[in-house]
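Here is my input; please provide its structure:
(one chain, ligands or ions: 2)
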Amino acid sequence: MTPAALSMDSVVVGRSARMRAVFEFLRVIGNSESTVLITGESGTGKEVTATLIHQSSRRKHHPFVAVSCALFSETLIESELFGHERGAFTGAIKDRPGRFELADGGTIFLDDIDDVPLSMQVKLLRVLQNRTIERLGGTRTVPVNVRIIAGSKRDLKQMVVDGRFREDLYYRLNVLPVALPPLRERREDIPVLMAHFLQRYFRRTGEDEPQISDAVKQAFMRYGWPGNVRELENACERIAQTCTCGTVRVGCLSASILFRAGSQPADPALPAPSQPQQAAPIALDDRLRELESNLIAWALKVSNGNKSRAAELLQIKRSTLGDRIARCGLDRSHQVGETSRPETMTPASLPDGDTGLRRGSVADC
Ligand SMILES: Nc1ncnc2c1ncn2[C@@H]1O[C@H](COP(=O)(O)OP(=O)(O)O)[C@@H](O)[C@H]1O
Ligand SMILES: [Mg+2]
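Ligands and ions are numbered 1, 2, ... in the order given. Prediction:
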């Protein structure tokens, strides 16, 4: 794969020590054919990592088939994975290959393996051991040449202890374990991920990338991100779509996920209610300037740029508003061309300042 063929969507970004360790492991396993077990909460990047592993392997020119085992009922999952022959069950009107056959020569990513019922686990174990499948209702044994990557959001080892996951299957899957930490445990990744997603969005639209205010960055850093990177990606997309003023301020986040119950306060002038022993200093003047700037931007937005109306909303004189707009730099905000580039790595730059891997880059290192 040439660098030009690599899409921005294929980038795995991270600069935390934990993600660097993951990148290092992926580099080490490089061209291995062994089964990989990727664990991590929903949204931590299991699928994108599985794709990266596939694209970095010798199988990269063959299919990558991802299937969520959580999506199918106990009866459907077997036909989904192994296929069926005509007449195998009501509604099976023709022969249909399963995902294993479709992935032949390539990689299958069995996501949500922790949702596979025990009855099905024994059948998966057989595939892992024999590398053959049998279609539902069929009599033929079909060999499959497939590399298996499994994804789990639960601790499979604990599930084994609880009797909910077969121990033999667990050991067959857990050959090369990759543990993706939740985003709240690798907060250093938040700014690079944020910059990455915003840059990707504005590249697509061709618009100038806005600057991100410090208060927004701090709000992102404070938030718990229960939905992990997926939630962060959605939040970035949302602010990219709603911010029209050249600089993303807390005011742009009004409808944002950031201020849902359980999150931090929406008032940009207030610091997070941290524990006394964790209290960090806040620069009052900066925060007040930012609040002022947010409120002026808001008033200009709702008054469609009509300064007299905006001044009325803010209950100040029009001339005062003019001065403050100039002081906050809002008169220039539509021309902001300065961009804050995310730290995203190209394959060539990987050995040094690792902040990310592109799909296809692991084997190159
Ligand atoms: N480290 C990362 N760098 C860039 N994008 C990421 C990263 N981790 C996750 N994503 C993106 O977040 C979204 C959710 O990731 P996904 O791999 O589907 O998570 P999971 O399979 O663990 O639920 C995807 O759009 C993915 O591309
Ligand atoms: Mg997933």
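
and stretch 128-147, which residues are buried?
Buried positions in stretch 128-147, judged by neighbour count with 16 or more other CB atoms under 10 Å: 128, 133-136, 138, 142, 144, 146-147. Every C-beta, even on glycine, is put in place using the N, C-alpha and C of the backbone.

could these go into CSV alongside secondary structure, pLDDT and distance to Leu156?
Output for the buried residues of stretch 128-147, formatted as CSV (DSSP: H, G, I helix; E, B strand; the rest coil; pLDDT from 0 to 100; distance: CB to CB, whole Å):
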residue, secondary structure, pLDDT, distance to Leu156
Leu128, helix, 95, 14
Ile133, strand, 93, 22
Glu134, coil, 92, 25
Arg135, coil, 92, 27
Leu136, strand, 89, 26
Gly138, coil, 86, 30
Val142, strand, 93, 27
Val144, coil, 95, 23
Val146, coil, 97, 20
Arg147, strand, 97, 19
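
Would you mind checking the average pLDDT for stretch 55-75?
Stretch 55-75 shows a mean pLDDT of 92.

sorry, that was for stretch 86-93
Mean pLDDT, stretch 86-93: 80.

that older thread, nearest to ligand 2 among the buried residues of stretch 128-147?
Ranked by distance to ligand 2 (CB to the ion), these are led by Arg147 at 17.9 Å.

if you skip the residues just before and after it, what's nearest to the closest one?
The shortest distance from Arg147 to any non-neighbouring residue, by CB to CB, 6 or more residues apart in numbering, is to Thr107 (4.5 Å).

OK, contacts around the residue of the chain found nearest ligand 1?
The chain approaches ligand 1 most closely through Gly45 (2.7 Å), counting by CB to the nearest ligand atom. Residues near Gly45 by CB atoms under 8 Å, 6 or more residues apart in numbering: 12, 180, 228-229.

Same list, the residues you listed, but as TSV with pLDDT and secondary structure please.
Below are the contacts of Gly45 laid out as TSV (pLDDT from 0 to 100; DSSP: H, G, I helix; E, B strand; the rest coil):
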residue	pLDDT	secondary structure
Val12	92	strand
Leu180	97	coil
Asn228	96	helix
Val229	97	helix
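
Which one of those residues sits in the busiest neighbourhood?
Val229 (27 neighbours; other CB atoms under 10 Å).

from what I can see that residue touches Glu41, true?
No. With contact defined as CB atoms under 8 Å, Val229 does not reach Glu41; the gap is 9.9 Å.

Ramachandran coordinates for the residue nearest to Arg147?
Backbone torsions of Thr107, given as degrees, to the nearest 10, read phi -130, psi 140.

then stretch 69-81 to PDB, C-alphas only?
Below are the C-alpha coordinates for stretch 69-81, written out as PDB (Å, rounded to 0.1, in the frame of the first residue of the first chain):
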ATOM      1  CA  CYS A  69     -21.100 -11.300  17.600                       C
ATOM      2  CA  ALA A  70     -23.400  -9.100  19.800                       C
ATOM      3  CA  LEU A  71     -25.700  -8.400  16.800                       C
ATOM      4  CA  PHE A  72     -27.000 -11.900  16.200                       C
ATOM      5  CA  SER A  73     -29.300 -14.200  18.200                       C
ATOM      6  CA  GLU A  74     -28.000 -17.500  19.300                       C
ATOM      7  CA  THR A  75     -29.500 -19.200  16.300                       C
ATOM      8  CA  LEU A  76     -28.500 -16.600  13.700                       C
ATOM      9  CA  ILE A  77     -24.900 -16.300  14.700                       C
ATOM     10  CA  GLU A  78     -24.000 -19.800  13.500                       C
ATOM     11  CA  SER A  79     -25.400 -19.200  10.000                       C
ATOM     12  CA  GLU A  80     -23.800 -15.700  10.000                       C
ATOM     13  CA  LEU A  81     -20.300 -17.000  10.700                       C
END
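
Give me the contacts around that stretch.
67, 88-89, 92, 96, 98-100, 110-113, 115-117, 119-120, 123-124, 133, 136.

Narrow the residues you listed to just the buried residues.
67, 88, 92, 96, 98-100, 110-113, 115-116, 120, 123-124, 133, 136.

that older thread, just the pLDDT for the residue nearest to Arg147.
For Thr107, the model assigns a pLDDT of 96.

what does Leu258 give?
What the model reports for Leu258 is a pLDDT of 47.

Just give me how far the one helix or strand Ile77 maps to sits from the chain centre.
Assigned by DSSP states H and E, Ile77 falls within helix 74-82. Computed by CA atoms, centre = their mean, to the nearest Å, the separation of helix 74-82 from the middle of its chain amounts to 28 Å.

Likewise for stretch 199-206?
For stretch 199-206, the distance to the chain centre is 17 Å (CA atoms, centre = their mean).

For that stretch, list the C-alpha coordinates in CSV.
Provided in CSV are the C-alpha atoms of stretch 199-206 (Å, rounded to 0.1, in the frame of the first residue of the first chain):
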residue,chain,number,x,y,z
GLN,A,199,-8.3,18.3,11.2
ARG,A,200,-9.8,15.3,9.4
TYR,A,201,-13.2,17.0,9.4
PHE,A,202,-11.9,20.3,8.1
ARG,A,203,-9.8,18.6,5.5
ARG,A,204,-12.9,16.9,4.2
THR,A,205,-14.9,20.1,4.1
GLY,A,206,-12.0,22.2,2.8
